[in-house]
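> quick one, structure for this:
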Amino acid sequence: MAKYDLHRPRLYLPGDLDAGVEVDLDRAQDNYLRNVLRLEAGAELLVFNGRDGEWAAELVSGARRGARIRLLRRTRAQPAAPDLTLAFAPLKHARLDYMAQKAVEMGIGIMQPVLTRRTQVARVNLERMRANAIEAAEQCGILSVPVIEQPLPLERWLAALPPERVLIFCDEEAEIPDPLAALARAPAGPIAVLVGPEGGFDDQERGMLMGRARTVRLSLGPRVLRADTAAVAVLALVQAARGDWR
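The predicted structure is shown next:
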């Protein structure tokens, strides 16, 4: 069997998964399987919960009553959760949706909204972020759903960041213009990536970031990127230079 089976539908189920267990699906999942995909009883799909691996399941009812599935066998073991954090200044809905989806695809383990002095969006819909993360995991064969933390002021998040974690933040004033060269010089250890607001960090915030040990400023090239684009770009660089793309 291929490592990723992208032919059968995949669903995220929060409950425990085991052979023989039957699960009643919620209304949205019922509608998706029966009305969108038009599956009938006996159809197979894949389910996961972020803890127990991936399981093949069978649709056992799909007429007038709500859809129910029966778990058959485990198809993939649960891998370790990604040890990569993305901290970011909140964005407006559509762009935050995009960022959440792409962060999951890029292998994020924790998503942390941080409030900076130039943050333009003060409120974050965490349930919407989680729904986007789950949808991306369902569509891309991913078994881990990232932890989505409550928003924190930048200062508080930095104070709580473990000292052994390398902090990489995007900064157009980085002294090394080549981002791969900067990552090659970065200290070893787990990584947190920080993407600022559209207006960038102010001087006080930049000084606070640079005053922390094990911090790397990363240039993203000669063009100014929007924050959602910058998040994808920096995660690609980190995964290519220091992560699981190697």
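> only C-alpha atoms for contact and neighbour calcs from this point on.
Fine.
> chain neighbours aside, what residue packs nearest to the residue nearest to the spatial centre of the chain?
When the chain is reduced to its mean C-alpha position, the nearest residue by CA atoms, centre = their mean turns out to be Val104, at 2.9 Å. Using CA to CA, 6 or more residues apart in numbering and skipping residues adjacent in sequence, the residue nearest Val104 is Ala133, 6.0 Å away.
> show the pLDDT at the one you found.
pLDDT for Ala133: 97.
> doesn't it lie inside a helix?
Yes - counting by DSSP: H, G, I helix; E, B strand; the rest coil, Ala133 is found in a helix.
> output the below-cut-off pLDDT ranges for this structure.
Counting by pLDDT under 70, the chain has low-confidence residues at 1-2, 62-65.
> show me the helices in it, by range?
27-31, 93-105, 126-140, 154-160, 179-185, 203-210, 227-242 (DSSP state H).
> hmm, who's touching the fifth one?
By CA atoms under 8 Å, 6 or more residues apart in numbering, the surrounding residues in contact with helix 179-185 are Ile176, Val216, Arg217, Leu218, Ser219, Leu220, Gly221, Leu237, Val238, Ala241, Arg242.
> nearest to Cys170, of those residues?
Leu218 (4.8 Å; CA to CA).
> re earlier: save the helices of the chain as TSV, and put in distance to Phe48 too.
Output for the helices of the chain, formatted as TSV (distance: least, CA to CA, whole Å):
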stretch	distance to Phe48
helix 27-31	14
helix 93-105	15
helix 126-140	8
helix 154-160	31
helix 179-185	34
helix 203-210	38
helix 227-242	24
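> walk me through the domains of the chain.
Annotated domains of the chain cover 10-76, 84-242 [automatic domain parsing].
> looking at the ones you listed, which is closest to Tyr4?
That would be, of the domains of the chain and by CA to CA, domain 84-242, which comes in at 5.8 Å.
> quick one, strands of the protein?
10-12, 22-24, 44-48, 54-61, 68-76, 84-88, 110-115, 147-148, 152-153, 166-170, 191-195, 215-218 (DSSP state E).
> switch the ones you listed over to a markdown table; also include mean neighbour count and distance to Ala233.
Formatted as a markdown table, those follow (neighbours: other CA atoms under 10 Å; distance: least, CA to CA, whole Å):
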| stretch | mean neighbour count | distance to Ala233 |
| --- | --- | --- |
| strand 10-12 | 22 | 27 |
| strand 22-24 | 16 | 39 |
| strand 44-48 | 23 | 28 |
| strand 54-61 | 21 | 29 |
| strand 68-76 | 19 | 30 |
| strand 84-88 | 24 | 12 |
| strand 110-115 | 24 | 16 |
| strand 147-148 | 16 | 20 |
| strand 152-153 | 14 | 24 |
| strand 166-170 | 24 | 10 |
| strand 191-195 | 23 | 10 |
| strand 215-218 | 23 | 11 |
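> Gly211: how many residues sit nearby?
Around Gly211 there are 10 other residues, counting by other CA atoms under 10 Å.
> can you check the one 3 residues further on too?
Each residue near Arg214 was counted by other CA under 10 Å, and the total is 18.
> who does the nearest residue to it once chain neighbours are set aside bridge with?
Leaving aside its chain neighbours, Arg214 sits nearest to Val166 (5.1 Å; criterion: CA to CA, 6+ apart). Counting by DSSP bridges, Val166 is bridged to Ile191.
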